[in-house]
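Visitor: Dropping the sequence and predicted coords here.
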Amino acid sequence: MSLMPTMIELLARARVDLRMGLPVVLIEEGQAALAIAAESLSQDRLSEMQALGEVTLALTARRAETLKARAYDGDTARIHLPDAADLGWIQALADPADDLKAPMKGPLVSAREGSATLHRLAIALVKSARLLPAALLVPLESGAQFAVSHGLTLLPQAAAEPLMSQSSPLHAVAAARLPMQAAEAGRLHVFRPEDGAEEHYAIEVGRPDRHQPVLARLHSACFTGDVLGSLKCDCGPQLNAALAQMGATGSGVLLYLNQEGRGIGLANKMRAYSLQDQGFDTVEANHRLGFEDDERDFRLGSAILKELGFSQVRLLTNNPNKIAMMEKTGIKVTERVALKVGENAFNAQYLATKAAKSGHML
Ligand SMILES: Nc1nc2c(ncn2[C@@H]2O[C@H](COP(=O)(O)OP(=O)(O)OP(=O)(O)O)[C@@H](O)[C@H]2O)c(=O)[nH]1
Ligand SMILES: [Zn+2]
């Protein structure tokens, strides 16, 4: 038995399958469905799914709103797939890239009867695979049998609980000394979550006293800002300023959380940037894609701080949600240290939107 995958391992496997364009079998209390990500769908697999029964497209209520489709299940909408629907039809619903060019997609008919539990689970899975939040589902008579005979991953709803509550435990896997320009006394720790998702890093500067509040920064990965010096955001200058301040005062801890694009992944962030080029702001772009404003899980941050032995922080941030999440998850924020750097002509509007819509402190 111990060689069989655990629930959390099944979850990791399902995430990879969906990215590769393979369907997975989802089961919950007598219901079963075959689910596949809209983004990685092929025409062959679509035809196979259509041959199995009535296919529905699971979308978030956010995406449904843009498409003027009804979402009868709160945060989730189940759209009936017309018989004539092809790959292009599905992609146009899942991906907002051409919304403005081809605005009329309807009439879209949403399902009202039955349960949306498996649809909601499918959306959570494709989001965690950093794909577009859209999935196709077709009901199955016997999920377990179908999975075995087709060699597919079988995922019970219970396996996805950690995904829904986003609280996979993490473990420190390696650490070493890392002298940096900003602080010679640096140490980099790598943390690996049990659910096979991205690793996160902690950079400890000096030897912070575990009994005192530590100067801390929760930095979210921004490949464009951190590495390329993008002027569209303020991430690069914030990263450098935080490390510089820790170096200057001799101690601190910077968490580098691999939650690119506020947790939607780089491909989706580039889709959001492309919508921004069409005139939408950073929040509207996320919504049109079907995401919430912010899909990050800051609980990861407090879990890492606790693993490192910290319980109180002086937090470098302008984001009140980060402070609230720290407090809620057992890390005391004794002080908020403002971090206002890197404003320029390209990101002024982005920063103004964060202040107006996301409550950022100026
Ligand atoms: N989806 C999306 N993500 C973006 C956009 N611009 C920047 N990001 C991401 O936003 C995150 C920036 O987060 P942080 O530096 O923690 O900033 P913050 O939440 O505004 O909070 P503080 O900087 O602490 O005040 C990074 O993951 C970026 O990749 C955008 O237009 N769309
Ligand atoms: Zn950035």
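Guide: Good, I have the coordinates. Ligands and ions are numbered 1, 2, ... in the order given.
Visitor: For the stretch 101-250 of the chain, which residues score under the pLDDT cut-off?
Guide: 104, 162, 164-167 (pLDDT under 70).
Visitor: residues in it within reach of ligand 1, list them.
Guide: H219, S220, A221, C222, C233, C235, Q238 (Cβ under 6 Å from any ligand atom). The way it works is simple: take the backbone N, C-alpha and C, and place the C-beta from them, glycine included.
Visitor: Repeat the analysis, applying 8 Å as the threshold.
Guide: Contact residues, the stretch 101-250 of the chain versus ligand 1 (Cβ under 8 Å from any ligand atom): 217-225, 232-235, 238-239.
Visitor: Filter those residues down to the buried ones.
Guide: 217-222, 224-225, 232-235, 238-239 (16 or more other Cβ atoms under 10 Å).
Visitor: Now secondary structure too, for those, in TSV please.
Guide: Shown next, in TSV, are those (DSSP: H, G, I helix; E, B strand; the rest coil):
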residue	secondary structure
R217	strand
L218	strand
H219	strand
S220	strand
A221	coil
C222	coil
T224	helix
G225	helix
K232	coil
C233	coil
D234	coil
C235	helix
Q238	helix
L239	helix
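Visitor: which residue packs closest to the residue nearest the centre of the chain, ignoring adjacent ones?
Guide: Centroid-nearest residue in the chain, with Cα atoms, centre = their mean: G263, separated by 3.4 Å. Spatial nearest neighbour of G263, excluding adjacent residues (Cβ to Cβ, 6 or more residues apart in numbering): E295 at 3.4 Å.
Visitor: Distance of the one you found relative to T60?
Guide: Taking Cβ to Cβ, to the nearest Å as the measure, E295 falls 11 Å from T60.
Visitor: Quick check: the residue nearest to the centre of the chain touching L300?
Guide: No. Using Cβ atoms under 8 Å as the test, G263 is too far from L300 to be in contact (10.2 Å).
Visitor: Can you show me the strands along the stretch 201-350 of the chain?
Guide: 214-220, 252-257, 312-316, 332-337 (DSSP state E, counting those that start in this stretch).
Visitor: give the contact list for S302.
Guide: By Cβ atoms under 8 Å, 6 or more residues apart in numbering, the contact list for S302 reads M325, M326, T329, G330, I331.
Visitor: so which two of those residues are the farthest from each other?
Guide: Spatially, the most separated pair among these is M325 and G330, at 10.5 Å (Cβ to Cβ).
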